[in-house]
Every structure is written in structure tokens, then in C-alpha cells.
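Chemist: whatever this is, show me its structure:
(2 chains)
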Amino acid sequence: MDYKKLADLLFPDNKFTVEEIEKKYPKRKLEKNAYVTRFAPSPTGYMHLGGFFQALIDYNLAKRSGGVFYLRIEDTDQKREIAGASAIILNILTSYGFLPDEYQLKGGVTVGDYGPYYQSERKEIYKAYAKKLVSEGKAFPCFCRKTEGLSDVKEKREKKFAVGINEDKDPCRNLTLEQIETNLKEGKTFAIRLKSKGDGVRKIKFHDGAKGEVEILENSMDAVLLKNDMMPTYNFAHPVDDTLMGTNVVVRGEEWLPSYPLHAEIFEALGFEQPKYIHSPLIYKLNEQGNKNKISKRKHPEADMRYFDKEGYDKQAVVEYLMNLINSNFENWRRVNPDADIMEFPFDGFKITANTPIFDFVKLNDVSKEIISHYSAEKCYEELLLWARENSLENVDYLVKDKDYVTKVLNIDREKPKPRKDIYKWSMFFDVFDYMFSAPAKFEVEEENKKDFEEVLKTYKKYIDLSSKEKWFENIKKMAAELGYATDNSDFKKNPEKYKGNVAKVCEYIRVAVTGRKNSPDLYEIMILLGEKQVLERLAQFA
RNA sequence: GGUCCUAUGGUCAAGUGGUUAAGACGCCACCCUCUCACGGUGGAAUCAAGGGUUCGAUUCCCUUUAGGACUACCA
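Modeler: Purely as a prediction, here's the structure:
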């Protein structure tokens, strides 16, 4: 077979040769240990939590080593293309502070010298390499019918399972030049397949940055390199792009681990050196049966990174929670270095847990609470307003108009050595502090306490004194004693039968009347902000 | 079916051929306290199972089991 002739037959009008292309993609001039990483999502229209997790590893690896972190859009499957995808991804990356060094906006700017960063715009590049492989007898055209939908694939799979074969050599690899010529003359389209040298028995070994040494059966499948429409498959685009664009560490989900041998064979056929790999664990959720499920947008809203914005999660918190999943010593470091920048953390992208973590909202909330509790009231106000502008328009006017009051509300039990941790996302604010903005729904007191409750409220009207916290509480105690409540906690504990209750009970009654709930931050501060008049009005509802 | 990956409390997990097997979240109790929190102290809770190797295995090897991934002209 004259492969050279075959290559010309298949690719008569390629725009570039491989040599021409490689001139345009010189080796990056970087320090020896600098990592070039990439985030390479397919444009599904949203940023997946798992993708973000990988991007975080990419970013840290590159930025800490003086390397390059770039964004490449893998839009080779035109069926799945969603407009504006790169803008959405770029938005999220930037809003978290992880702006890529190189990227491209569709129909807009391109930043970086190794573009295009859209695979669909690199068609000629892949064609050049495909032609090269054909001319060397390493790839061949396949005229088989395109497998249309999943049902076809499943059927094919079942058949394969039945015989238990692992090899998948395509019949078209035996076509003669004449047959191919005839097919072409008939206008038949073709895909390009790799002519695999694997025998389905030999094994290869490699080192994975997350999993360690992996021994795996080498590839023996004549995988498609170029599809019918001359678009590359991921399997082909990965070696070509990552080589040309100078990636030296590929961070990708562990679902790619089994296709490593295929990629290894393609790299070899192309004469390329393989980068390092980190096959990072996927993020899972526990289902009702207690089994793990890959986190997915359909079942889990948090799979879409925009969820965290909508809910008003603190971005720092999301990042720190994820950092802890990457290197679980992160939170130990954080405790020792509460104010340090994340980039000071001794990150190790090659020491990622090999286990698949389960996404835990309770933990995230805790991280978020901790971070938010240390914000100043002003910072909280800004964040709250920012969130409301995007997600709670009905409250924006109010927030702007009454900035002073809202800030004061936010300041209750804040900016203290031991701040409260009521809020872990901004959408909670109006729920948590509803009573600061309008009279609460009337609290239903237990029947057996009703009389005491009313008595306390009625009496308290005469005792209310907001001139200072000391006086305020002194008066409450005075009243409590008068009504038969204990003012000394230890005495109350010793002789509970002597009293109707203790001061705490009295405070609870007042709190319930004022805030409509049994738990709230500092009652005195609340009453000050509400003002005596409003407090009395609320008391009057009950007695 | 085949090929892989993973296996330490409920969750995230550190860790080692000999340890009282860290820490965090969550849970429980107590203390503090005007409530709830916060904070403090303490507690319950883990090396999946079975075989080896070894003087000794949670740690190394094998098997089993469980969970997960892949097995597309999707990425």
C-alpha cells in the first residue's frame, strides 16, 4: 500500500503541513519546574463543580510554579455546543479570582499566543496530523456507518460483552487502495482511525500524579481520530493540542484513566512526548441507598457553580472547602494561619487523595460560617448588597436606602472576639433577621406558661430601660425577683422548686415577644436598634 | 462480560511494619451564660472480610466483598 498516495487522496486540500504548524507553536520559554496546565471543558453552558475542582488544581499548580494556566474550549462535538459557554466559564473563573493567562472569547478577544483556544477553530491542525499518520501507515480511513445514538452503541457493546473480546480492530483497516478510491468517488465520507498495534495482552505502566503507579492493559482499539465531519475526537485532540500548546501536566477527571493507554499510543504514533497526568477524583453525592453517585446537574443543583452565587455562598468558603478536599491538611494550615492568603498554603497537586470525596454541605456551611463571622459589618453589607443585586432585586432598594440600619443589624454580636455564626450564605440574611425589619408572627406560647408569660410582659412595660445594658439587665433582674424568679443561677439549680423559673425564663418570654423566636443574638442590642416604642408595641400584642 | 480505580469513625481524612490510630465537620454531655449561639472541657464512633509474609500487621502481598469509572465518529 502506498500510504503517501492514500494520504493525498484522503486529504487533497489540507491548508498546512505539520512542519508549518509546529513553527507556529514554539516551545514555551519557562523555568524548568514551571507547570503549564489547562482547563479544558466542553461547552455545556455551565461550569461543573467537578470541573471547577480540577481548574483549582490547575491554577494552583501553574501559578505557584511560575507557569501558565490556560482555558481551552473543547467544542468538537457540535451537537452539544451551547452559545456563550466560554463567557460563562470565564466569568466564574474570574469571579473566584482564577483568571486564566490565556483564553479566547468566541467572536471576541484572544489572549495568548497558542490559540485558537477553541478546538473547532483548529480543524486544519488536526487534519495535518491525521494526514501525517495516514502517510506513515499509522492510521486509515473508515467508511463504516456512523453510530448514531446511544442505543446503537449499547447494542454493539452487549455483543462485545457476550464474546468477551477486548480487541477492537476495525474491518476497514484491510481496505485496498482501489476500494478506498471507489468509495471516495462514490462520495462516501470517512473517519480516520488509529491502526492500533496492541494485542490486548501486553501491559503498560505509568505514573499518575494522584493514583501512583498504574499498570494497565495497552490499547488495542482502532479508535477514531477524526470523525466524519473531520472534527477530532477528544482522544486525538488531547495529544495534538496539549503538545502544541505546551501543557506539561494534564489534570483531568479519573474517568479518563482507562483511556490512558489509547492516548499513550496516539502520542507515540505522533512522535510526541507525553505530559504528566493527574487523574483527580470525581466529586460524589450519597443517594438514598447510601451509594455514591457522580455529582450531576440533574440531581444536584450544586453541580452548577452558579448555584453558589445564587445562594449567596461566600466564594472564599467554596474555595477553601474544595482546597480541603484536594489537600486535607489545608484546614490545619488555615487554623494556624487564619489570615494568610491561600497562595501561601503549601499546596501539593500531586498529593491529592486517591479516594472519591463526597460533597458535604454541612462542612461547607461550617467553613462559610467561620469565614463570614470574621467579616466586618461593612464587608457583610457590601457582600449582601452584591448578592441582592444579582439574586434578590426586591430587597436592593431597601438595602441601599437603609444602609445604616442594615449595617447595624449586621453588626449585632459581630466584630467581637467570639462572633456569632448565624449566617453561612447571604440568602439567609432576611430569614435570620426578619424580626429586625417587621413585627414577627405572633409566637404561640405553651399553654401552661401562658399566664406567666403574659404577666412578665405586662410587668416589663414598667421596667423597660434601654439607657445602658447594665441598667437594662438590672431592671430585668429586679422584675424577675419580684415575680418570683431566681436571679442567681446556681441557687436556682440547687432549689428549683423555690422559683417559677430563673431570669433566663423571663428573658425568653421577652425575647419571644420581641423577635418571635426563642433564639436570637443579644437581646439588648436588638431592642436598642428596634427602639423602645417598637419594642413596647410588640409587647402589647401579648399583654 | 472485560479493563481499571478506591477502601481508616456518619462525612472529609492524617498516619505508621511496633502509635493511647492525629485533626476538622456532625452528634452527645457538662461548663460559661439573659436565650440561642460562640467559646471551653469531655465523650461515643474508624483501620471492610478472609488468607498469607513477618517476632509483630491498619500499614506489604493475594483473594473476597463493597462502591465507583470506562468499555461512542460524547467529552
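
Chemist: next one: the worst-scoring helix or strand of chain A on mean pLDDT to chain centre, how far?
Modeler: One helix or strand of chain A scores below all others by mean pLDDT, DSSP states H and E: helix A:489-494, with a mean of 73. Distance, stretch centre to chain centre, for helix A:489-494: 51 Å (C-alpha atoms, centre = their mean, to the nearest Å).

Chemist: list the buried residues in that helix.
Modeler: In terms of neighbour count (16 or more other C-beta atoms under 10 Å), helix A:489-494 has its buried residues at A:F492. To be clear about C-beta, it is placed using only N, CA and C from the backbone, and glycine gets the same treatment.

Chemist: does that helix reach RNA strand B?
Modeler: Yes: using C-beta under 7 Å from any atom of the strand, helix A:489-494 reaches RNA strand B at A:489-490, A:493.

Chemist: what sits against A:F53?
Modeler: Residues counted as contacts of A:F53 (C-beta atoms under 8 Å, 6 or more residues apart in numbering) are A:280, A:283, A:322, A:325-326.

Chemist: looking at those, which one is closest to RNA strand B?
Modeler: Closest approach between these and RNA strand B, by C-beta to the nearest atom of the strand: A:L325, at 5.2 Å.

Chemist: contact partners for that closest one?
Modeler: A:53, A:283, A:353, A:357.

Chemist: measure the first one to RNA strand B for me?
Modeler: So that's A:F53. Counting by C-beta to the nearest atom of the strand, to the nearest Å, the gap from A:F53 to RNA strand B is 11 Å.

Chemist: what helix or strand does that residue sit in?
Modeler: helix A:49-64 (DSSP states H and E).

Chemist: what about A:K205, how many neighbours?
Modeler: 8 (other C-beta atoms under 10 Å).

Chemist: which SS class is it?
Modeler: strand (DSSP: H, G, I helix; E, B strand; the rest coil).

Chemist: which parts of the stretch 51-200 of chain A are helices?
Modeler: Secondary structure of the stretch 51-200 of chain A (DSSP state H, counting those that start in this stretch): helices at A:85-95, A:123-135, A:150-163, A:177-185.

Chemist: now A:N391, nearest residue through space, not along the chain?
Modeler: A:K310 (5.5 Å; C-beta to C-beta, 6 or more residues apart in numbering).

Chemist: assign a three-state SS to that neighbour, would you?
Modeler: helix.

Chemist: just to revisit the earlier point, after the least confident helix or strand of chain A, which helix or strand is next?
Modeler: Helix A:489-494 is succeeded, C-terminally, by helix A:503-515 (DSSP H and E).

Chemist: tell me the SS of A:N14?
Modeler: Assignment for A:N14 (three-state DSSP): coil.

Chemist: report the contact partners of it.
Modeler: Counting by C-beta under 8 Å, 6+ apart, A:N14 makes contact with A:124, A:127-128, A:131.

Chemist: can you check A:K285 too?
Modeler: By C-beta under 8 Å, 6+ apart, the neighbours of A:K285 are A:292-293, A:295, A:299-300, A:358-359.

Chemist: could you list which of the residues you listed also contact RNA strand B?
Modeler: A:292-293, A:358.

Chemist: let me have those residues in a markdown table, extended by pLDDT.
Modeler: Formatted as a markdown table, those follow (pLDDT from 0 to 100):
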| residue | pLDDT |
| --- | --- |
| A:K292 | 89 |
| A:N293 | 89 |
| A:I358 | 94 |
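
Chemist: tell me which of those residues fall in helices.
Modeler: Taking DSSP state H, every one of the ones next to RNA strand B among the contacts of A:K285 sits outside helices.

Chemist: which of those residues count as buried?
Modeler: Once neighbours are counted (16+ other C-beta under 10 Å), the buried part of the ones next to RNA strand B among the contacts of A:K285 comes down to nothing.

Chemist: ok, the residues you listed vs A:K106, which is closest?
Modeler: Distance to A:K106 across the ones next to RNA strand B among the contacts of A:K285 (C-beta to C-beta) is lowest for A:N293, with 32.6 Å.

Chemist: and the closest one, bridged to which residues?
Modeler: A:K285 (DSSP bridges).

Chemist: show me the contacts for it.
Modeler: A:284-287, A:299.

Chemist: just the buried ones from these, in ChimeraX syntax?
Modeler: To isolate the buried ones among those in ChimeraX, judged by 16+ other C-beta under 10 Å, type:
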select /A:284,285
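
Chemist: and which of the contacts of A:N293 is nearest A:E447?
Modeler: Nearest member of the contacts of A:N293 to A:E447, counting by C-beta to C-beta, is A:L286, at 41.4 Å.

Chemist: thought the closest one was touching A:I358?
Modeler: Yes: under the criterion of C-beta atoms under 8 Å, A:L286 makes contact with A:I358 at 5.6 Å.

Chemist: residues shared between the contacts of the two?
Modeler: Common neighbours of A:L286 and A:I358 (C-beta under 8 Å, 6+ apart) are A:K292.

Chemist: burial measure for A:V367, as a count.
Modeler: 23.

Chemist: actually A:V18, not the one I typed
Modeler: Neighbours of A:V18 (other C-beta under 10 Å): 18.

Chemist: same thing with A:Q541?
Modeler: Residues near A:Q541, counting by other C-beta under 10 Å: 13.

Chemist: what of A:M343?
Modeler: Count around A:M343 with other C-beta under 10 Å applied: 11.

Chemist: ok, and the closest non-adjacent residue to the residue most central in space within chain A?
Modeler: The centroid of chain A falls nearest to A:L49 when counting by C-alpha atoms, centre = their mean (2.8 Å). Spatial nearest neighbour of A:L49, excluding adjacent residues (C-beta to C-beta, 6+ apart): A:A303 at 5.2 Å.

Chemist: got a list of what the one you found touches?
Modeler: A:48-50, A:295-297 are the contacts of A:A303 under C-beta under 8 Å, 6+ apart.

Chemist: check contacts around the closest residue in space to A:Y114 that isn't next to it in sequence.
Modeler: Excluding the flanking residues, the one nearest A:Y114 by C-beta to C-beta, 6+ apart is A:M245, at 4.4 Å. Taking C-beta under 8 Å, 6+ apart as the contact definition, A:M245 lies against A:25, A:36, A:38, A:70, A:72, A:114.

Chemist: next up, the contacts around the first one.
Modeler: If you count contacts by C-beta under 8 Å, 6+ apart, A:Y25 has them with A:114, A:244-246.

Chemist: distance to A:L99 for the ones next to RNA strand B among the contacts of A:K285 - can I get that in JSON lines?
Modeler: Converted to JSON lines, the ones next to RNA strand B among the contacts of A:K285 look like this (distance: C-beta to C-beta, whole Å):
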{"residue": "A:K292", "distance to A:L99": "33"}
{"residue": "A:N293", "distance to A:L99": "32"}
{"residue": "A:I358", "distance to A:L99": "30"}
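
Chemist: buried ones in the helix or strand hosting A:I526, by neighbour count?
Modeler: Assigned by DSSP H and E, A:I526 falls within helix A:523-530. Across helix A:523-530, burial judged by 16+ other C-beta under 10 Å covers A:523-528, A:530.

Chemist: now that helix against helix A:503-515, angle please.
Modeler: 20 degrees (axes from the mean of the first three to the mean of the last three C-alpha atoms, to 10 degrees).

Chemist: I'd like the next helix or strand past helix A:523-530.
Modeler: helix A:532-540.

Chemist: show the average pLDDT along that following helix.
Modeler: Here helix A:532-540 scores 90 as its mean pLDDT.

Chemist: do stretch A:241-249 as well
Modeler: So the average pLDDT for stretch A:241-249 ends up being 97.

Chemist: over to stretch A:403-414?
Modeler: 93.
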